[in-house]
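A.B. asks: My questions are about this predicted structure, shown below with the sequence.
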Amino acid sequence: MHNKPQLFHPQAEAALANPELRANFRGAMDYLRDKRQTAFADPDEESAIRDRAEAIRQRCLSKLPALLEQLEANCIANGIRVHWAENAEQANALFADIIQSHGGTQVVKGKSMVSEEIELNHAMATEGIDCLESDMGEYIVQLGDETPSHIIMPAIHKNKQQVADLFAEHVPGFKHTLDVDTLIRTGRNVLREKFRRADIGVSGVNFAVAETGTLCLVENEGNGRMCTTVPEVHIAITGIEKVVEFLADVPPLFSALTRSATGQSITTYFNMISGPRKHDELDGPREVHLVLLDNGRSQAFVDEEMRKTLQCIRCGACMNHCPVYTRIGGHAYGTVYPGPIGKIISPHLMGLEATRELPTASSLCGACGEVCPVRIPIPELLQRLRREAKQEPRPGVPALRGQNSAKSNTEAFVWRSFGLLTRTPALYRMMSWCATRLRGLIPSKLGPWTRCRTAPRPAANTLRELMAKRNK
């Protein structure tokens, strides 16, 4: 299943018509929201954590070019080989070159949304390289030839019956069961053997520390640690916005991330990678590579308002609280990053022409902004993208790729006419006079709405009526 953002509306309609999908998401979203609420039981503490996380992200982004150079220098000093990729094509070419230079054919990959962004698995398959997802959720959606529907829980759209059916179809010797522990154990048994045979390990990066040249990886399953230590070569990939200035910046962001994502105070594993295996060490990769990906992020960076998009730490809280996402799931968006954060970051990665339907796929209720741990003003950015999709570039404002692609001449004419009417008193009075006398020409579907303008009489439960009854 590989949907497209241009087809958001029919994809959303199909999702709404799928009762099983909606039931799966209903239970999952309720669970995640309850977990987050428990993790942030004290409103004052929550506000303090969010304030600090926002301040850290804004400070680091304000120094981004210098911090990236510092990160590169310290990573190289630690023995990490650093590569830069302007787009997905360059990133995939780097992966292919590194893997093929070692004669590799088997890759195990920890959870990485950036690798999904560049479609690494498909690109490597064309080179004869097999990439296996080792995160349990990613492994499940890979078996089903699907894309992740959530950035934290990729297989959140599936229930245990669907997972069991997938295993029965793709895992040799699997005996059909709905026992969750058995299903997880089955997946782990398959993956354990793959870790032993893999030539290359691939991972994402949650925080890249410029001060020390350290790559931080947050996870719960241990697959990230296996991918980064068992194979002889480890390749990490991350967006350029993930850099932080100091090692001391990581704990506040880590706390905000885990509480917002899964309601945990801390994850099971927190990996800090500062280089390849030393001569006196018994395990770890002999080579570590870091791929720094732009892929449209520079476009967001140069615009002071849009730069706030890059504050995201990929917790998924905005999705869990969005009334649109919770009803249609992630696949309807047709993008790697769905939900509210996807609606503001995908236009930079893919261009407004391809994603022009997404900024309007929101009720602007503000729930996403209220729960964002780094206080990204998502509703305001959505409104900005809606305007840019229908406006020509303006002097002094950085242009967006695909800007003005959603322009409608009919809509523009209507708004120009309305503006003229409201600015001219004589025309406005004439319009009002005509509207009151020609309302009989309104289509029949709207007739009842215009004829019945008196509110229905409420039930006799007002205080006055209750008192009147008592006095009788």
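C.D. replies: Sure thing, it's come through.
A.B. asks: for the chain, where's the lowest mean pLDDT among helices and strands?
C.D. replies: Ranking every helix and strand in the chain by mean pLDDT, DSSP states H and E puts helix 447-451 at the bottom, with a mean of 53.
A.B. asks: wait, residue 183 sits on residue 158?
C.D. replies: No - using C-beta atoms under 8 Å as the test, residue 183 is too far from residue 158 to be in contact (10.8 Å). (C-beta placed from N, C-alpha, C; glycine too.)
A.B. asks: where do the contact lists of these two overlap?
C.D. replies: Contact criterion C-beta atoms under 8 Å, 6 or more residues apart in numbering; residues shared by residue 183 and residue 158: none found.
A.B. asks: Please, where are all the strands along this protein?
C.D. replies: Assigned by DSSP state E, the chain shows strands spanning 81-85, 106-109, 130-133, 200-203, 207-209, 214-219, 233-239, 243-244, 269-273, 287-293.
A.B. asks: Please identify the most buried of these.
C.D. replies: Across those, averaging neighbours per residue (mean count of other C-beta atoms under 10 Å) puts strand 200-203 on top, at a mean of 28.
A.B. asks: In contact with the closest residue to residue 149 other than its chain neighbours, which residues?
C.D. replies: Beyond its immediate neighbours in the sequence, the residue positioned closest to residue 149 (C-beta to C-beta, 6 or more residues apart in numbering) is residue 330, lying 3.4 Å away. The contact partners of residue 330, by C-beta under 8 Å, 6+ apart, come to 148-150, 157, 319, 338-339, 342.
A.B. asks: Next, give me the two most distant ones among the residues you listed.
C.D. replies: 157 and 342 (15.1 Å; C-beta to C-beta).
A.B. asks: list the buried ones in stretch 410-422?
C.D. replies: residue 421 (16 or more other C-beta atoms under 10 Å).
A.B. asks: re the thing from before, what's the closest of the contacts of residue 330 to residue 245?
C.D. replies: Among those, and counting by C-beta to C-beta, the member closest to residue 245 is residue 342, at 27.0 Å.
A.B. asks: Quick check, that closest one in contact with residue 336.
C.D. replies: Yes - counting by C-beta under 8 Å, residue 336 is a contact partner of residue 342 at 7.5 Å.
A.B. asks: Looking at the two, which has the bigger crowd around it?
C.D. replies: Counted by other C-beta atoms under 10 Å, residue 342 and residue 336 do not tie: residue 342 has more neighbours, with 24 against 21.
A.B. asks: got a list of what the closest residue to that one other than its chain neighbours touches?
C.D. replies: Leaving aside its chain neighbours, residue 342 sits nearest to residue 335 (5.0 Å; criterion: C-beta to C-beta, 6+ apart). Residue 335 makes contacts with 5, 342, 346, 350, 355, 358, as judged by C-beta under 8 Å, 6+ apart.
A.B. asks: What's the ChimeraX line that selects buried ones from the residues you listed?
C.D. replies: A single ChimeraX command selects the buried members of the contacts of residue 335 (16+ other C-beta under 10 Å):
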select :5,342,346,350,355,358
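A.B. asks: could I get the contacts of residue 335 as CSV with pLDDT and distance to residue 97?
C.D. replies: Below are these laid out as CSV (pLDDT from 0 to 100; distance: C-beta to C-beta, whole Å):
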residue, pLDDT, distance to residue 97
5, 95, 30
342, 97, 30
346, 97, 28
350, 96, 25
355, 96, 30
358, 96, 34
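A.B. asks: From the contacts of residue 335, which land in helices?
C.D. replies: Residues from these lying in helices, with DSSP state H as the criterion: 342, 346, 350, 355.
A.B. asks: show me the contacts for the last one.
C.D. replies: Contacts here follow C-beta under 8 Å, 6+ apart; on that basis residue 355 touches 5, 335, 343, 346-347, 402.
A.B. asks: how far away is the residue nearest to residue 149 from residue 116?
C.D. replies: 11 Å (C-beta to C-beta, to the nearest Å).
A.B. asks: cool, residue 127 as well?
C.D. replies: 18 Å.
A.B. asks: One more: residue 317?
C.D. replies: 19 Å.
A.B. asks: Which one's more surrounded, the two?
C.D. replies: residue 317 (28 against 21).
A.B. asks: count of residues packed around the closest residue in space to that one that isn't next to it in sequence?
C.D. replies: Nearest non-adjacent residue to residue 317, counting by C-beta to C-beta, 6+ apart: residue 260, 4.2 Å away. As a burial measure, residue 260 scores 30 neighbours (other C-beta under 10 Å).
A.B. asks: pLDDT score for residue 260?
C.D. replies: We have a pLDDT of 96 for residue 260.
A.B. asks: Report the contact partners of it.
C.D. replies: 36, 39, 315-317, 371-373.
A.B. asks: Equivalent analysis for residue 129, please.
C.D. replies: Going by C-beta under 8 Å, 6+ apart, residue 129 touches 96, 99-100, 104-107.
A.B. asks: Show me the two of those residues that sit farthest apart.
C.D. replies: So, the contacts of residue 129 by C-beta to C-beta: farthest apart are 96 and 106, at 14.3 Å.
A.B. asks: Next, residue 376: phi, psi?
C.D. replies: Torsion angles at residue 376 (phi, psi; degrees, to the nearest 10) stand at phi -70, psi 130.
A.B. asks: Tell me the pLDDT of it.
C.D. replies: 98.
A.B. asks: and stretch 425-438, average pLDDT?
C.D. replies: Per-region confidence: stretch 425-438 scores 87 on mean pLDDT.
A.B. asks: which other residues reach that stretch?
C.D. replies: Residues outside stretch 425-438 that contact it (C-beta under 8 Å, 6+ apart): 420-422.
A.B. asks: Low-confidence ranges, the chain, go.
C.D. replies: 1, 443-472 (pLDDT under 70).
A.B. asks: Centre-most residue in it?
C.D. replies: residue 337 (3.5 Å; C-alpha atoms, centre = their mean).
A.B. asks: Report the contact partners of that residue.
C.D. replies: 113, 117, 151, 345-346, 349.
A.B. asks: next one: residue 223
C.D. replies: Residues counted as contacts of residue 223 (C-beta under 8 Å, 6+ apart) are 110-111, 134-136, 191.
A.B. asks: Quick one: closest of the strands of the chain to residue 398.
C.D. replies: strand 233-239 (18.8 Å).
A.B. asks: same for that closest one, what does it pack against?
C.D. replies: Applying 3 or more C-beta pairs under 8 Å, 6 or more residues apart in numbering; DSSP states H and E, one finds that strand 233-239 contacts helix 88-101, helix 113-117, strand 200-203, strand 214-219, helix 223-229, strand 287-293.
A.B. asks: Any idea which of these gets closest to residue 442?
C.D. replies: helix 113-117 (48.6 Å).
A.B. asks: Please save the CA atoms from the closest one in CSV.
C.D. replies: Extracted in CSV, the C-alpha atoms of helix 113-117 (Å, rounded to 0.1, in the frame of the first residue of the first chain):
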residue,chain,number,x,y,z
MET,A,113,11.8,7.6,9.8
VAL,A,114,14.5,9.4,7.8
SER,A,115,15.3,6.1,6.0
GLU,A,116,11.6,5.8,5.2
GLU,A,117,11.7,9.3,3.9
